[in-house]
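Asker: can you look at this prediction? I've put the sequence above it.
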Amino acid sequence: MYRKVLPFALAVVSLPIFSLLAQTAAPQVIVEHNVAMQTRDGVTLQADVYRPAGEGNYPTLLQRTPYNKDNIAEFARQAAAHGYLVVVQDVRGRYTSAGEWYPFKHETQDGYDAVEWAAALPHSNGKVGMFGGSYVGATQMLTAIGHPPHLAGICPVVTASNYHENWTYQGGAFEQWFDESWTAGLAQDTANRAIREDTNAVVGMQVLPLSRFPVFNLRPMGDGADMTRALAPYFLDWLAHPTYDSYWKQWSIEENYAQIQVPALTIAAWFDLFQGGSLRNYLGLRDHAGNEDARRQQRLLITVGGHAGVGRKIGAVDFGPAAAEYDENALTLEWYDYLFKGKQNQFAGGKPVRIFVMGENVWRDETAWPLERAKPTKYFLHSSGKANTAAGDGALSSASAGKEAADSYAYDPANPVPTVGGALCCDGAHLAAGPFDQSKVEARPDVLVYSTAPLDADMEVTGPVTLDLFAKSSAVDTDFTAKLVDVGPDGFAQNLTEGILRARFRNSTSVASLLEPGKVYEYKIDLWSTSNVFRKGHRIRLEVSSSNFPHFDRNLNTGKSAGDTAEFVKATNTVLHDAAHPSVLLLPVVPR
């Protein structure tokens with residue numbers, strides 16, 4: 001999520017790019033601050049309302065945010081100047097709005113109430129569209145499943161489809177870096193609210209000496225863990241529900257696509273931590289939205305960056321001038337110009353999908369996602385039992401597995417493989433997101449590395465990536481991680497996409513099933529999706545290991561959760577790739 005709401009910009013346009021916001025002689029805008037709305041259970045939520053000066057009724061754009069409504073003021077003014085009534089509301093328990101803050105809990109009912117309230121505001125024409133990303137995308141999706149009558153469109157940017165599997169957990173592993181950094185950021189406003197509510201100079205008026213005056217009257221919160229319980233109890237609830245159970249199902253998007261009855265422009269991004277959920281949202285709404293008109297009007301854009309950054313340079317890689325064309329504000333207005341004003345722009349016809357193709361660093365329109373012409377292609381893992389490190393003998397090729405020695409490594413939770421870039425959020429100052437050189441990771445003996453020979457010609461991989469892995473462990477539980485890498489002739493090993501699977505959740509994220517030590521199991525690891533042209537002379541590389549920390553929490557190899565215990569054991573993990581156990585990387589190769 002963002003300390004500021006959607007700091008990146010986004011646009012899908014036909015070249016040359018233009019900005020709907022760079023217009024001169026904009027009409028005057030009237031702003032009303034802290035306009036109160038009562039929810040059905042009597043909680044007061046505050047919103048800022050922006051509208052064009054003068055008489056008239058306008059389509060309404062609504063954003064409901066936990067990140068401070070002030071942060072969207074610039075775009076709100078610009079959108080109002082463009083002919084929209086814009087309503088920006090702090091969600092329950094955040095900044096100026098009253099009530100309890102608890103992620104996801106109140107967003108369906110509060111969102112319904114906010115849509116119907118906004119539709120009835122003076123100067124609204126009754127059509128309401130929502131916009132924004134990350135948790136602001138969640139407020140849209142959760143509102144839409146309540147299908148308020150006046151909601152006519154949504155524009156969810158880089159957001160999830162299931163708040164267990166692709167928000168809090170992935171492949172059964174806890175998204176530790178995101179969950180902890182996001183919670184820490186959210187707790188700042190919660191702490192500020194507690195200070196404001198409990199500050200009273202009268203309480204300390206009789207204290208002597210005066211140097212002992214208590215500037216705040218907060219009750220003692222003890223150590224850091226006690227502060228977590230006081231300021232972010234939901235974090236502990238997440239840890240208490242590692243499986244996909246009723247706690248998560250109560251606000252699942254994936255199980256409620258049929259309840260969503262409006263067109264959506266879904267935005268996903270390479271290197272974004274919600275990429276998998278964003279793509280599932282598009283497919284789910286395209287195929288299962290509640291009416292034919294909604295299904296027909298689903299649109300998808302996949303850019304590069306998302307939570308990992310904005311602009312032409314993401315992480316350590318420059319994706320060229322085309323990446324810098326991404327302008328979210330312009331796209332939001334163009335989407336609603338089409339839906340609400342009947343403008344004959346790019347959304348009125350043409351192909352429903354637009355993707356950014358890395359490697360070539362260009363935008364391309366497509367008729368479908370995944371690409372129908374992409375051919376699932378098997379790359380088998382090979383070695384003579386010495387695939388450890390990039391200097392080992394691990395190989396990838398289309399040749400079928402034969403009689404081959406297995407590859408083993410020791411996974412020690414006290415010395416996990418470090419996270420270097422990838423799909424991260426929300427503290428880039430301490431752990432940067434995006435693509436970076438993986439060479440140091442690949443020098444570790446607990447990382448198995450399998451590479452193709454240098455390519456004879458450019459090869460495009462666009463679509464879902466999976467690893468079908470046969471492996472065994474000396475422990476009753478462990479993790480298996482996988483990372484797809486593009487290795488240049490200079491040795492720069494650029495991560496593209498990655499995945500993880502906690503062994504006890506290999507069959508289902510709803511039910512844990514421990515391993516029989518030494519027994520071979522098949523693991524299907526979802527590496528999400530990518531679009532990348534591996535250039536001539538580059539190598540396609542796969543990394544396999546058992547940790548990616550702190551992106552994901554460390555598996556303790558005991559079958560117990562790191563949320564409950566600190567005890568762990570070392571594990572010897574073994575990857576098999578012989579004829580009876582053909583471990584294979586499945587890549588969607590696009591004919592060129």
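Answerer: Yep, it's here.

Asker: return the set of buried residues in stretch 496-510.
Answerer: Buried residues in stretch 496-510, counted by 16 or more other CB atoms under 10 Å: 496-506, 509. Any C-beta I mention is one placed from the backbone N, CA and C, and that applies to glycine too.

Asker: span of it from start to end?
Answerer: Using CA to CA, to the nearest Å, the end-to-end distance of stretch 496-510 comes to 29 Å.

Asker: filter the buried residues of stretch 496-510 down to just the ones in strands.
Answerer: Among the buried residues of stretch 496-510, the members found in strands (DSSP state E) are 496-502.

Asker: all strands for the stretch 251-400 of the chain, in order.
Answerer: Ranges of strands in the stretch 251-400 of the chain, per DSSP state E, counting those that start in this stretch, are 264-270, 298-304, 313-314, 317-318, 353-357, 362-366, 375-382, 395-397.

Asker: the ones you listed into a markdown table, with extra columns for distance to residue 253 and mean neighbour count?
Answerer: Formatted as a markdown table, the strands of the stretch 251-400 of the chain follow (distance: least, CB to CB, whole Å; neighbours: other CB atoms under 10 Å):
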| stretch | distance to residue 253 | mean neighbour count |
| --- | --- | --- |
| strand 264-270 | 11 | 28 |
| strand 298-304 | 14 | 26 |
| strand 313-314 | 26 | 21 |
| strand 317-318 | 31 | 18 |
| strand 353-357 | 20 | 22 |
| strand 362-366 | 24 | 16 |
| strand 375-382 | 27 | 18 |
| strand 395-397 | 35 | 19 |
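
Asker: turn these into TSV, columns for mean pLDDT and distance to residue 31.
Answerer: Compiled in TSV, those are given as follows (pLDDT from 0 to 100; distance: least, CB to CB, whole Å):
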stretch	mean pLDDT	distance to residue 31
strand 264-270	98	26
strand 298-304	98	30
strand 313-314	98	34
strand 317-318	98	39
strand 353-357	98	34
strand 362-366	98	35
strand 375-382	98	53
strand 395-397	98	58
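
Asker: whichever strand or helix holds residue 494: what's the following helix or strand?
Answerer: Following DSSP states H and E, the helix or strand that holds residue 494 is strand 493-502. Going down the chain from strand 493-502, the next helix or strand is strand 521-534, by DSSP H and E.

Asker: packing partners of the lowest-mean-pLDDT helix or strand in the chain?
Answerer: Counting by mean pLDDT, DSSP states H and E, the chain has its least confident helix or strand at helix 224-231, which shows a mean of 86. Packing partners of helix 224-231 (3 or more CB pairs under 8 Å, 6 or more residues apart in numbering; DSSP states H and E): helix 176-198, helix 233-240.

Asker: check what contacts the longest one and list those residues.
Answerer: This points to helix 176-198. Residues outside helix 176-198 that contact it (CB atoms under 8 Å, 6 or more residues apart in numbering): 1, 3, 66, 68, 93-95, 101, 103, 168, 216-219, 227-228, 230-232, 234-235, 238, 273, 419, 424-427, 431, 549-553.

Asker: filter those residues down to the buried ones, ChimeraX style.
Answerer: Selecting only the buried entries of the contacts of helix 176-198 in ChimeraX, with 16+ other CB under 10 Å as the criterion:
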select :1,66,68,93,94,95,101,103,168,228,230,231,232,234,235,238,273,419,424,425,426,427,431,549,550,551,552,553
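
Asker: next step: the contacts of helix 176-198 restricted to helices.
Answerer: Using DSSP state H, the members of the contacts of helix 176-198 that fall in helices are 227-228, 230-231, 234-235, 238.

Asker: what helices or strands is the strand holding residue 494 leaning on?
Answerer: Using 3+ CB pairs under 8 Å, 6+ apart, strand 493-502 is in contact with strand 173-174, strand 459-473, strand 479-487, strand 521-534.

Asker: any idea of the mean pLDDT for it?
Answerer: Here strand 493-502 scores 98 as its mean pLDDT.
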